[in-house]
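J.: mind looking at a prediction? Sequence and model below.
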Amino acid sequence: MPPAPEGGVWPLVIVGCGAAGMLAGIFAGRRGVRTLLLETRPRPGAKIRVSGGGRCNVLPSVSTLDDFHTEGSRNALKNLLASWPLTKVREFFESELGVALKVEDTGKVFPVSDDAGEVLDALLSELAHVGATVVGGVRAEELQTLENAADGARFELSLTGGSVLRARSVVLATGGLSLPKTGSDGWGFGVAHKLGHSVLRRYPALVPLETKHSRWHDLAGISLPVRLSAHKGDKLLATRTGDLLFTHKGFSGPVVLDMSRFITGPGNEDVTLVAGFGGRGFEEWDTLLRQGGTRTVLLCLREHLPRRLVSTLVEVAHVDPERKLAELPREERRRLVQTLGSCPLPIDGDEGYRTAEVTGGGVALEEVSTKTLESRRIPGLFFCGEILDVTGRIGGFNFLWSWISGRRVGESV
């Protein structure tokens, strides 16, 4: 542990050296604030290194308010996102950090090098440039507030091994509970609650979903475009189109991860996910099958869907695959079209935080200043990144939130 500044008090201690914490440290350092960043892992930025299959999906190419979810004020979130427009965030990486970026067909933004290490090294280099100190392999145990301390300290932070730090300001950039192998353990949620903050129910988001029905397990390895809709009773909550991947446990792929929060989030116990296979809905499949003529059901569907999936879907629909389309009774056609274009997926659970890309819920937005992300309850305490109740869609949106909220804090300390 480096020696404390003169007087024994750090002006700023950031707990967590991930995406949000590093941005907070960079922008605080640029304003001349002497900063210490603490990271539980020996090396910082574990989530950056593993994101995008090791390529790091730095940003989305387009972003709107609808790409983010919060239980708090949508207007407050809108103002936060607008504080650093997407084009400016991209300029920061390309012009200021020197990381060349590219937009792929999916709309995701990656480094041209396809190397997450380049992004991390650029961030760490800038932290060093602004004079911030990064210490890895250090675990915070307890955070206490101080009153009227003679040295001006407002916080005392106890670390594993008995070390104690004093600070004027503290940033909790501790992440959530997702991907615990990267060091996320939810410590920050407990601290926030102990200090009087409301912490909304946490849940795994951007997570694969599970089913107990073996017929879907048998399709493991098949990937195809699907139109996926979330329904609550008669209400349509959202619709997304993207690739679905069948797994040995159930359903994964970008579109499933994107829609998973409608299943795992609070108040969603009676939500149903409905699939339109091949990216088609009920009406589109109906039109296509009416043009089938003398071809059999099996031959027609194999032109559009994987063979194993076709076998499963005709079984679900209770339709003879060798029957000619022109001879399909009305009721059988209806069942087949319903199964192809509006098939409820039987969801029995999810894979949990072990594989979830992000944690939903967290510290309520209403309890922080939306101009600074400083606690409304405890002066000098700031939050940024995944610990706050903001969750983005898949495709770089959660990194975007981390970059924006980290900068907001760094400029506000």
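T.: Structure received.

J.: could you point out which element follows the longest strand belonging to the chain?
T.: With DSSP state E applied, the strand covering the greatest number of residues in the chain is identified as strand 235-246. Sequence-wise, the next helix or strand beyond strand 235-246 is strand 250-252, with elements assigned using DSSP states H and E.

J.: tell me the mean pLDDT over that next one?
T.: Strand 250-252 shows a mean pLDDT of 98 in the predicted model.

J.: Lys102 reaches Phe110, doesn't it?
T.: Yes. Under the criterion of C-beta atoms under 8 Å, Lys102 lies in contact with Phe110, with a separation of 5.9 Å. All C-beta atoms are positioned from the backbone trio N, CA, C, and that covers glycine.

J.: of these two, who's got more company?
T.: Phe110 (23 against 13; other C-beta atoms under 10 Å).

J.: does that one count as helix, strand or coil?
T.: Assigned with DSSP: H, G, I helix; E, B strand; the rest coil, Phe110 falls in the strand class.

J.: equivalent analysis for the one 4 residues further on, please.
T.: Reduced to three states with three-state DSSP, the structure at Asp114 is coil.

J.: check the one 10 residues further on too.
T.: Secondary structure of Leu124, reduced to three states by three-state DSSP: helix.

J.: the one 3 residues further on now?
T.: When classified by three-state DSSP, Leu127 comes out as helix.

J.: how much space separates it from Val89?
T.: Look at Leu127 and Val89: by C-beta to C-beta, to the nearest Å, they are 17 Å apart.

J.: doesn't Val171 lie inside a helix?
T.: No. Judged by three-state DSSP, Val171 forms no part of a helix; its state is strand.

J.: need the contact list for the spatially most central residue of the chain.
T.: Central residue of the chain (C-alpha atoms, centre = their mean): Val358, 3.8 Å from the mean position. In this structure, Val358 makes contact with 176, 178, 205-206, 386, 391-392, 398, judged by C-beta atoms under 8 Å, 6 or more residues apart in numbering.

J.: tell me the pLDDT of Glu6.
T.: The predicted local distance difference test score for Glu6 is 61.

J.: actually, Gly293.
T.: Reading off the confidence values, Gly293 has pLDDT 79.

J.: over to the one 3 residues further on?
T.: Each residue has a pLDDT score; the one for Thr296 is 94.

J.: what number of residues lie near the closest residue in space to it that isn't next to it in sequence?
T.: If the residues on either side of it in the chain are set aside, Thr296 comes closest to Glu322, at 5.3 Å by C-beta to C-beta, 6 or more residues apart in numbering. The tally of other residues near Glu322 (other C-beta under 10 Å) stands at 10.

J.: pretty sure Glu322 contacts Cys300?
T.: No. Shown here, Glu322 and Cys300 do not form a contact pair, counting by C-beta under 8 Å, at 11.5 Å.

J.: ok, and what's touching stretch 157-169?
T.: Contact partners of stretch 157-169, identified using C-beta under 8 Å, 6+ apart, comprise 1, 4, 8-13, 15, 36, 38, 138-144, 146, 149, 151-156, 170, 380-382, 413.

J.: what about burial for these, which qualify?
T.: When neighbours are counted using 16 or more other C-beta atoms under 10 Å, these contain these buried positions: 9-13, 15, 36, 38, 138, 140, 143, 153-156, 170, 380-382, 413.

J.: surely Leu400 forms part of a helix?
T.: Yes. For Leu400, which was evaluated using three-state DSSP, the result is membership in a helix.

J.: dump the residue contacts of it.
T.: For Leu400, the contacting residues are 59-60, 63, 86, 89, 392, by C-beta under 8 Å, 6+ apart.

J.: what about the helices in the stretch 1-150 of the chain?
T.: With DSSP state H, counting those that start in this stretch applied, the stretch 1-150 of the chain shows helices at 19-30, 46-50, 74-82, 86-91, 116-129, listed in chain order.

J.: Thr241: which of those helices is closest?
T.: Thr241 lies closest, by C-beta to C-beta, to one member of these: helix 86-91, at 22.4 Å.

J.: off-centre distance for that closest one?
T.: 20 Å (C-alpha atoms, centre = their mean, to the nearest Å).

J.: could I get the buried residue list for it?
T.: Neighbour-count burial for helix 86-91, counted by 16+ other C-beta under 10 Å, picks out 86, 89-90.

J.: who's in contact with it?
T.: The set of residues external to helix 86-91 that reach it, using C-beta under 8 Å, 6+ apart, is 59-60, 62-63, 101, 109, 400, 403-404.

J.: so for it, mean pLDDT?
T.: Averaged across helix 86-91, the pLDDT comes to 98.

J.: that older thread, Throw the contacts of Val358 into CSV and include pLDDT, neighbour count and distance to Arg215, thanks.
T.: Formatted as CSV, the entries for these read as follows, by pLDDT from 0 to 100; neighbours: other C-beta atoms under 10 Å; distance: C-beta to C-beta, whole Å:
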residue, pLDDT, neighbour count, distance to Arg215
Gly176, 96, 28, 34
Ser178, 95, 25, 30
Ala205, 97, 30, 27
Leu206, 97, 26, 26
Glu386, 98, 31, 36
Thr391, 97, 26, 32
Gly392, 97, 23, 33
Asn398, 98, 30, 33
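
J.: from those, which land in helices?
T.: With DSSP state H as the criterion, helices contain Asn398 from among the contacts of Val358.

J.: can I see the domain layout of this structure?
T.: Per the record's domain assignment (automatic domain parsing), the chain is made up of the domains 10-204+358-410, 209-350.

J.: just name the most buried of the ones you listed.
T.: For the domains of the chain, the largest average neighbour count (mean count of other C-beta atoms under 10 Å) is found in domain 10-204+358-410, namely a mean of 20.

J.: how long is that domain from one end to the other?
T.: Between the opening and closing residues of domain 10-204+358-410 we find a distance of 15 Å, counting by C-alpha to C-alpha, to the nearest Å.
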